[in-house]
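> Below: sequence and its predicted model.
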Amino acid sequence: MTNKLYDTSLSLLTDLYQITMAYGYWKSKTAEKEAVFNLYFRKNPFNGGFTIACGLANVIGYIENFGFSKKDLRYLRSMTGNDGKPLFEEGFLEYLANLKLTCDIEAVPEGTVVFPNEPLVRVRGPILQCQLLETPLLNLINFESLIATKAARLRLVADTDTLLEFGLRRAQGVDGGMTASRAAYIGGCDATSNVLAGKLYDVPVRGTHAHSWVMSFDDEQQAFDTYASVLPNNVTLLVDTYDTLQGVRHAIETGRMLEKRGYKLAGIRLDSGDLAYLSIEARKLLDAAGFHETAIVASNDLDETIINSLKQQGAKINIWGVGTKLVTAFDQPALGGVYKLAALRNESSGAETSDHRETGHRVTDHWVYKMKLSEQAIKISTPGIQQVRRYRDERGFMADMIFDSDMNETDHHLTNKPATMIDPLDFTKRRRFDPKQAYEDLLVPVFQNGTCVYALPTVHEVRARVQTQLASLHSGVKRFVNPHTYPVGLEKNLHELKTELIMKLREGVEQ
Ligand SMILES: Nc1ncnc2c1ncn2[C@@H]1O[C@H](COP(=O)(O)OP(=O)(O)OP(=O)(O)O)[C@@H](O)[C@H]1O
Ligand SMILES: O=P(O)(O)OC[C@H]1O[C@H](OP(=O)(O)OP(=O)(O)O)[C@H](O)[C@@H]1O
Ligand SMILES: O=C(O)c1cccnc1
């Protein structure tokens, strides 16, 4: 289990409207009505072609600790409406005091490559409970997935070089720093400078030293020698405080002293100036002095574009330290994940309900399917108890098909007959998948009836998963400029259900 940063209950970490809606459900006696919500995003971040799912471990921690404490309830009791009277009645607060989550939750494992419109989390349970989870789930999944994706992009350009996350000082607050360090490691960083992330999340911790160390001595050589004497087994010297190449010469002197003592100069760090030119010149000096194994670390407002450019310029950099632009997801500060109601339990037994007749849907099953209309096609939600089937062949991932795992006909269809996937942008484009085609269903059970049934992988296993997932992805999807769109579509029955529902809802609006 992931260690907790906070020991207090986080059940009030939600938007007020979730609690007022919960009150509404309780008051109108619909709190227990079974609902299904899907969490998904609509666009890959950073104009990229993929996203890395991340944040599930913290979601599990949040849910396992869910509960309204006495202090939470006291606060809710103190809340008032426009008339100055209490917002919530006592019976509701008692209900919250005894509330235990009983939801079923399915989710895509952390470290999985995911794409727009695919459910990353599916929550099924009493609507009041599902509703209370909306904001925290989005908060936890959006940010970590964003940072894991940024780190994965950095890893793609850094290739086999070492990648260090240095962002804590520029991160958005304590939790922004903590979760960013975890997600950055998962996405592909090798270590963080954040010591608490090391302790709580088992992320490896690394670091060099700051300019202040050099500035606190009368001269740079003395600063380097003293540092090396104190920590001979961890010497990476920051060489740009005064004159970078002179700093490299001083570092070489310190390296000679270290070698006499049986240690090595692990590295030098460049933090300003032309990093291509300076790294090439520094490498020449180090090599000429026999320090072939001394690494060159670079930092200074780096991101994947600058690293790419530096590599193209032939920079001799082995280790990249990336802070601000990684942990703040500088060029896109949020992933726009949303959480939408997709179905409600059909409580009228047996026969079709009027809702079903309205949708014209031919399956007389357990659900009343729900969707949100919008003028913008991208904002129309997809109904259904969604699952994602990822087909693959020997070359890697082929396509992802979103289907309704509760439609009996569909299940039968999927297991025994070729499945048809419809391109959301052009309904005439269809792909057929043989039932024997290798596949993996992405959503796995995480909570059943409120109990965690998921064996959480270690952060190291999740990090390794990112790399195997990316290796299965076509290089065109991974390129940064105009990436190829990975095929994601709706299974035919789900597509037809969605189309019928849109038509019916539009007719209803026109009348
Ligand atoms: N050869 C290069 N090609 C592309 N970008 C580079 C190159 N060298 C450095 N950069 C990047 O250019 C940006 C500005 O670098 P510069 O050294 O001018 O920074 P600075 O912050 O002004 O310097 P200082 O830290 O001394 O104030 C940084 O993001 C840095 O990573
Ligand atoms: O540049 P980032 O990607 O955010 O990486 C972290 C930065 O933090 C440190 O700088 P410091 O706080 O000392 O400031 P300065 O180097 O900009 O003066 C370090 O020297 C890096 O430059
Ligand atoms: O260890 C480092 O070099 C470091 C740590 C934090 C920020 N910048 C650099």
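Structure received. Ligands and ions are numbered 1, 2, ... in the order given.
> Which residues are in contact with the residue in the chain positioned nearest to ligand 2?
Nearest residue of the chain to ligand 2: residue 323, at 2.8 Å (Cβ to the nearest ligand atom). Yep, even glycine has a C-beta here, placed from its N, CA and C like the rest. When contacts are counted by Cβ atoms under 8 Å, 6 or more residues apart in numbering, residue 323 touches 165, 166, 167, 168, 169, 170, 299.
> do residue 343 as well
Contacts of residue 343 (Cβ under 8 Å, 6+ apart): 35, 36, 367, 368, 369, 370, 383, 384, 385, 406.
> Name the member of these with the most neighbours.
residue 384 (30 neighbours; other Cβ atoms under 10 Å).
> Is that residue in a helix, a strand, or coil?
coil (DSSP: H, G, I helix; E, B strand; the rest coil).
> Which positions in the longest helix along the chain come out as buried?
Using DSSP state H, we find that the single longest helix of the chain is helix 127-158. Under the neighbour-count criterion of 16 or more other Cβ atoms under 10 Å, helix 127-158 has 127-158 buried.
> Just the mean pLDDT for the very next helix or strand once past that helix, thanks.
Per DSSP states H and E, helix 127-158 leads on to strand 162-165 as the next helix or strand towards the C-terminus. The average pLDDT within strand 162-165 is 98.
> Name every strand pairing with strand 162-165 and say which way it goes.
strand 191-192 (parallel), strand 319-322 (parallel) (DSSP bridges).
> ok, residues contacting that strand?
Contacts for strand 162-165 (Cβ under 8 Å, 6+ apart): 151, 154-155, 180-181, 184-185, 188-194, 206, 295, 297, 318-323, 326-327.
> which residues does the residue in the stretch 151-300 of the chain that ligand 3 sits nearest to contact?
Proximity of the stretch 151-300 of the chain to ligand 3 (Cβ to the nearest ligand atom) peaks at residue 207, 3.0 Å away. Neighbouring residues of residue 207 by Cβ under 8 Å, 6+ apart: residue 193.
> quick one: secondary structure of the nearest residue to residue 10 once chain neighbours are set aside?
Leaving aside its sequence neighbours, residue 10 sits nearest to residue 62 (Cβ to Cβ, 6 or more residues apart in numbering; 5.9 Å). Per three-state DSSP, the secondary structure class of residue 62 is helix.
> Do you know the pLDDT at residue 62?
For residue 62, pLDDT reads 94.
> State the distance from the residue positioned nearest the centre of the chain to residue 288.
In the chain, the residue lying closest to the centroid (Cα atoms, centre = their mean) is residue 145, at 1.2 Å. Distance of residue 145 to residue 288, computed by Cβ to Cβ, to the nearest Å: 46 Å.
> What does the pLDDT read for residue 366?
On the pLDDT scale, residue 366 is placed at 80.
> That should have said residue 82, apologies.
Value listed for residue 82 in the pLDDT field: 96.
> and if you look at residue 409?
pLDDT, residue 409: 60.
> Do a quick rundown of the strands in the stretch 201-350 of the chain.
Using DSSP state E, counting those that start in this stretch, the strands found in the stretch 201-350 of the chain span residues 236-238, 267-270, 295-298, 319-322, 338-345.
> ok so, going back, reformat the strands paired with strand 162-165 as a markdown table; add mean neighbour count, distance to residue 21 and mean pLDDT.
Shown next, in a markdown table, are these (neighbours: other Cβ atoms under 10 Å; distance: least, Cβ to Cβ, whole Å; pLDDT from 0 to 100):
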| stretch | mean neighbour count | distance to residue 21 | mean pLDDT |
| --- | --- | --- | --- |
| strand 191-192 | 25 | 38 | 98 |
| strand 319-322 | 26 | 41 | 98 |
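> mind giving me JSON lines with those and columns for distance to residue 106?
Formatted as JSON lines, these follow (distance: least, Cβ to Cβ, whole Å):
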{"stretch": "strand 191-192", "distance to residue 106": "30"}
{"stretch": "strand 319-322", "distance to residue 106": "34"}
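> Which of those sits closest to residue 470?
Shortest distance between residue 470 and those, using Cβ to Cβ, is found for strand 319-322: 17.8 Å.
> what does that closest one rub up against?
154, 158, 161-167, 189, 193, 208, 267, 269, 295-299, 302-303, 307.
> Can you name the helix or strand that residue 470 falls in?
helix 459-471.
> Could you name the helices and strands sitting against that helix?
If contacts are counted by 3 or more Cβ pairs under 8 Å, 6 or more residues apart in numbering; DSSP states H and E, helix 459-471 sits against strand 113-114, helix 127-158, helix 173-187.
> Turn those into TSV, columns for mean pLDDT.
Formatted as TSV, the helices and strands packed on helix 459-471 follow (pLDDT from 0 to 100):
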stretch	mean pLDDT
strand 113-114	98
helix 127-158	98
helix 173-187	97
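> Now distance to residue 450 too, for those, in CSV please.
Below are the helices and strands packed on helix 459-471 laid out as CSV (distance: least, Cβ to Cβ, whole Å):
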stretch, distance to residue 450
strand 113-114, 25
helix 127-158, 9
helix 173-187, 24
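> re earlier: okay, the strands of the stretch 201-350 of the chain in a markdown table with distance to ligand 1 next?
Output for these, formatted as a markdown table (distance: least, Cβ to the nearest ligand atom, whole Å):
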| stretch | distance to ligand 1 |
| --- | --- |
| strand 236-238 | 12 |
| strand 267-270 | 9 |
| strand 295-298 | 7 |
| strand 319-322 | 10 |
| strand 338-345 | 33 |
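> would you turn these into TSV with distance to residue 119?
Listed next are the strands of the stretch 201-350 of the chain as TSV, based on distance: least, Cβ to Cβ, whole Å:
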stretch	distance to residue 119
strand 236-238	44
strand 267-270	43
strand 295-298	40
strand 319-322	31
strand 338-345	8
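> coming back round to it: do you know how far the residue of the chain closest to ligand 2 is from ligand 1?
11 Å (Cβ to the nearest ligand atom, to the nearest Å).
> Just the pLDDT at that residue, thanks.
So residue 323 comes in at 98 (pLDDT).
> With residue 27 instead?
Reported pLDDT for residue 27: 98.
> The residue nearest to it when sequence neighbours are not counted sits in which helix or strand?
If the residues on either side of it in the chain are set aside, residue 27 comes closest to residue 92, at 7.2 Å by Cβ to Cβ, 6+ apart. Assigned by DSSP H and E, residue 92 belongs to helix 90-97.
> for that helix, packing partners?
helix 16-27, helix 70-78.
> and the angle for the first one with helix 70-78?
What separates the directions of helix 16-27 and helix 70-78 is an angle of 80 degrees, with axes from the mean of the first three to the mean of the last three Cα atoms, to 10 degrees.
> elements contacting whatever helix or strand comes next after helix 16-27?
Once helix 16-27 ends, the next helix or strand along the chain (criterion: DSSP H and E) is strand 34-40. Under the contact criterion of 3+ Cβ pairs under 8 Å, 6+ apart, strand 34-40 touches strand 121-126, helix 127-158, strand 338-345.
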